[in-house]
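Peer 1: The sequence and its predicted three-dimensional model are supplied below.
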Amino acid sequence: MQKEGFCYSFNPKKCEVCKGKCCTGESGYIWITPAEMITLANHLGINVDEFRLKYLDKFGTKFSIKEKIFKDGFACIFFNEMDLNCSVYDYRPKQCRTFPFWDYFKENYEELEEECIGVKRL
């Protein structure tokens, strides 16, 4: 798969081999919008206030999905440690759905290549 403006392609079939490297590693922010909060809360069968308290951290006016300790680093709280994949895959936020096509990686392809075995420079 390719996206206009990016110097690389992405093979999503490699995700089966990778086992969640994009969901684990260094600490970071996993931004989530109010609409995405509602979607995930509904999926989990809880109200949005409970979802925010249990699964999100607030940074100023923005919310990020909490992380948990995993191996020598961190993982998204929704990372399934047994299956090594996302436990809310069909409901994940846009930030997760658009990976690896982030503007940041246009200038930092080498960093992406270390993280994602599914990318290949065009």
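Peer 2: Perfect, thanks for sending it. Numbers count the residues shown, from 1 in each chain.
Peer 1: Check which residues of the helix or strand of the chain with the lowest mean pLDDT are buried.
Peer 2: Of all helical and strand segments in the chain, the minimum by mean pLDDT, DSSP states H and E falls on helix 15-18, at a mean of 89. Neighbour counts over helix 15-18 (16 or more other C-beta atoms under 10 Å) mark residue 15 as buried. C-beta: built from backbone N, CA, C; applies to glycine.
Peer 1: Likewise for stretch 106-115?
Peer 2: Under the neighbour-count criterion of 16+ other C-beta under 10 Å, stretch 106-115 has 112, 115 buried.
Peer 1: Work out the gap between the least confident helix or strand of the chain and the centre of the chain.
Peer 2: 14 Å (C-alpha atoms, centre = their mean, to the nearest Å).
Peer 1: what does stretch 4-24 give?
Peer 2: Relative to its chain's centre, stretch 4-24 lies at 11 Å (C-alpha atoms, centre = their mean).
Peer 1: how near is residue 62 to residue 19?
Peer 2: Separation of residue 62 from residue 19 (C-beta to C-beta, to the nearest Å): 29 Å.
Peer 1: With residue 107 instead?
Peer 2: Here residue 107 is placed at a distance of 27 Å from residue 19 (C-beta to C-beta).
Peer 1: and what of residue 5?
Peer 2: Distance from residue 5 to residue 19, counting by C-beta to C-beta: 29 Å.
Peer 1: These two: who's more crowded?
Peer 2: Taking other C-beta atoms under 10 Å, residue 5 and residue 19 do not tie; residue 19 has more neighbours (11 against 8).
Peer 1: secondary structure class for the most centrally placed residue in the chain?
Peer 2: In the chain, the centroid-proximal residue (C-alpha atoms, centre = their mean) is residue 96; its distance is 3.6 Å. Assigned by DSSP: H, G, I helix; E, B strand; the rest coil, the conformation of residue 96 is helix.
Peer 1: got it, and the one 3 residues further on?
Peer 2: Recorded secondary structure, residue 99: coil (three-state DSSP).
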